[in-house]
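> let me see the structure of the following:
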Amino acid sequence: MTKSEMAAALHQRSAWLPGKRVKIDFGPEGVVMLDGAAHQVTEEEGPSDTTIKVSWEDWQALRDGQLDGMTAFMTGKLKVEGDMSAAMQLQGVLAKLRG
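Residues are numbered from 1 along each chain as shown. Down below sits the predicted model:
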């Protein structure tokens, strides 16, 4: 799955947190914005309540269940800036990708 395909799948499944803007920053691969304020998922950069920084490879391992979110956070593979409670709901976003 490419980043664009992932963004489209997340949009189709309404994978955002109501009223919150969560940016997943994949570094050189770009970003995916889960915009609960506008009810959309885009690949556009912008301000967010929470930014999750993770490599594309580690994100795919998280998505596939090969890497645990807490382990990724504790080992520095996943970094969170801003509202931590939104980041804690990341598992729900991953579940929507699998579903």
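
> any idea how far the nearest residue to H39 once chain neighbours are set aside is from A9?
For H39, the nearest residue in space outside its immediate sequence neighbours is W16; the separation is 6.8 Å by Cβ to Cβ, 6 or more residues apart in numbering. Just so you know, the C-beta spots here come from the backbone N, C-alpha and C atoms, and that holds for glycine as well. W16 sits 13 Å away from A9, taking Cβ to Cβ, to the nearest Å as the criterion.

> those two: who's more crowded?
Taking neighbours as other Cβ atoms under 10 Å, W16 and A9 compare with W16 leading, 22 against 15.

> my guess is that one meets G36, correct?
Yes: contact status for W16 versus G36: in contact at 3.9 Å, counting by Cβ atoms under 8 Å.

> shared neighbours of these two, which are they?
Listed contacts common to W16 and G36 are V22; contacts here mean Cβ atoms under 8 Å, 6 or more residues apart in numbering.

> not counting its neighbours along the chain, what's nearest L90?
Once flanking residues are discounted, L90 sits nearest to G69: 5.8 Å by Cβ to Cβ, 6+ apart.

> residues in contact with the one you found?
G69 neighbours (Cβ under 8 Å, 6+ apart): L62, L78, L90, Q91, L94.

> equivalent analysis for G19, please.
Contact partners of G19, counting by Cβ under 8 Å, 6+ apart, are G36, A37.

> where's it relative to E29, distance?
If you go by Cβ to Cβ, the gap between G19 and E29 works out to 27 Å.

> which pLDDT value goes with the residue nearest to L90?
Confidence per residue is given as pLDDT, and for G69 that number is 87.

> measure it to Q40 for me?
With distances defined as Cβ to Cβ, the gap from G69 to Q40 amounts to 24 Å.

> count of residues packed around V80?
Residues contacting V80 under the criterion other Cβ under 10 Å number 17.

> since we're on the closest residue to it other than its chain neighbours, how many residues are nearby?
Counting by Cβ to Cβ, 6+ apart, V80 lies nearest to A87, which is 4.3 Å off, once chain neighbours are set aside. Neighbouring residues of A87 were enumerated by other Cβ under 10 Å; the total is 20.
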